[in-house]
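Undergrad: Requesting a structural model of the entry that follows:
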Amino acid sequence: MPLADFSRSAQTVALIEALRTAPIGKVVNYDSLSDIIGENIVRCRHYLRSAIKALYDEGVPFGTVRGLGVKRLTSEEIPDIGDHAVVRIRRGSRLARKRMSVINAMNDVANETRVRVNTAASLLGILEHFSQNKSRQKIEAEVQKGTSPIPPGKLLEALRE
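TA: Numbering: from 1, shown residues only. You can find the predicted model right below:
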């Protein structure tokens with residue numbers, strides 16, 4: 001059986017080279033990215049994802065500008081990646097818990113199913129709770145005391161206070 005070929009496609013390499021030269025803080029629009037690969041970048045998004053991932057590995061970060069293109073991020077914009085993720089997690093947790101609560105109105109549910117739902121709801125509740133602004137402020141105060149992210153065990157201890 002032949003080995004899989006994991007070399008980058010010509011389109012990905014072309015995007016990497018073009019994005020690497022983008023000035024910090026500038027947006028590279030989707031039309032120009034499409035021109036670079038000779039295909040519609042929206043339909044061939046996997047090339048762009050691969051290129052951006054490769055550049056992240058090199059320390060060159062990009063973010064998306066909805067409907068316009070990708071932006072080479074400044075160091076001040078990098079925390080926004082985490083901020084947006086936390087908001088998505090909080091919203092997703094709340095929505096999933098609300099959707100799963102339908103089980104409370106059902107009579108024919110096996111106990112093991114209720115246990116699975118309650119377990120997931122509990123975990124989602126933790127995510128929702130710890131992603132709120134009040135928790136964020138406490139965490140930020142703790143992080144300012146050190147120089148690196150706080151390990152989960154120490155973080156839980158700090159949030160108990």
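Undergrad: neighbouring contacts of stretch 81-93?
TA: Contact with stretch 81-93 is made by 61, 63, 73, 124-125, 127-128, 131-132, 136, as judged by CB atoms under 8 Å, 6 or more residues apart in numbering. Heads up, the C-betas are built off the backbone N, CA and C, glycines and all.
Undergrad: now do stretch 150-161
TA: 130, 135, 138-139, 142-143.
Undergrad: What subset of those residues is buried?
TA: Buried members of the contacts of stretch 150-161, counted by 16 or more other CB atoms under 10 Å: 130, 135, 138-139, 142.
Undergrad: In those, find the pair that's most separated.
TA: Spanning the widest gap among the buried ones among the contacts of stretch 150-161 are F130 and E142, at 12.6 Å by CB to CB.
Undergrad: Output the helix or strand encompassing I126 in PDB with nothing but the alpha carbons.
TA: Secondary structure assigned from DSSP states H and E places I126 in helix 111-130. What follows is the C-alpha trace of helix 111-130 in PDB, where atoms were taken according to Å, rounded to 0.1, in the frame of the first residue of the first chain:
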ATOM      1  CA  ASN A 111     -32.200   6.700  33.800                       C
ATOM      2  CA  GLU A 112     -28.800   6.200  32.000                       C
ATOM      3  CA  THR A 113     -30.000   8.800  29.400                       C
ATOM      4  CA  ARG A 114     -30.900  11.300  32.200                       C
ATOM      5  CA  VAL A 115     -27.500  10.700  33.800                       C
ATOM      6  CA  ARG A 116     -25.800  11.500  30.500                       C
ATOM      7  CA  VAL A 117     -27.900  14.600  29.900                       C
ATOM      8  CA  ASN A 118     -27.300  15.800  33.500                       C
ATOM      9  CA  THR A 119     -23.500  15.100  33.200                       C
ATOM     10  CA  ALA A 120     -23.300  17.100  30.000                       C
ATOM     11  CA  ALA A 121     -25.500  19.900  31.400                       C
ATOM     12  CA  SER A 122     -23.300  20.100  34.500                       C
ATOM     13  CA  LEU A 123     -20.100  20.400  32.400                       C
ATOM     14  CA  LEU A 124     -21.700  23.000  30.200                       C
ATOM     15  CA  GLY A 125     -22.900  24.900  33.200                       C
ATOM     16  CA  ILE A 126     -19.300  25.000  34.500                       C
ATOM     17  CA  LEU A 127     -18.100  26.400  31.100                       C
ATOM     18  CA  GLU A 128     -20.900  29.000  31.100                       C
ATOM     19  CA  HIS A 129     -20.100  30.000  34.700                       C
ATOM     20  CA  PHE A 130     -16.400  30.300  34.300                       C
END
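Undergrad: Before I go, just wanted to say thanks for your time.
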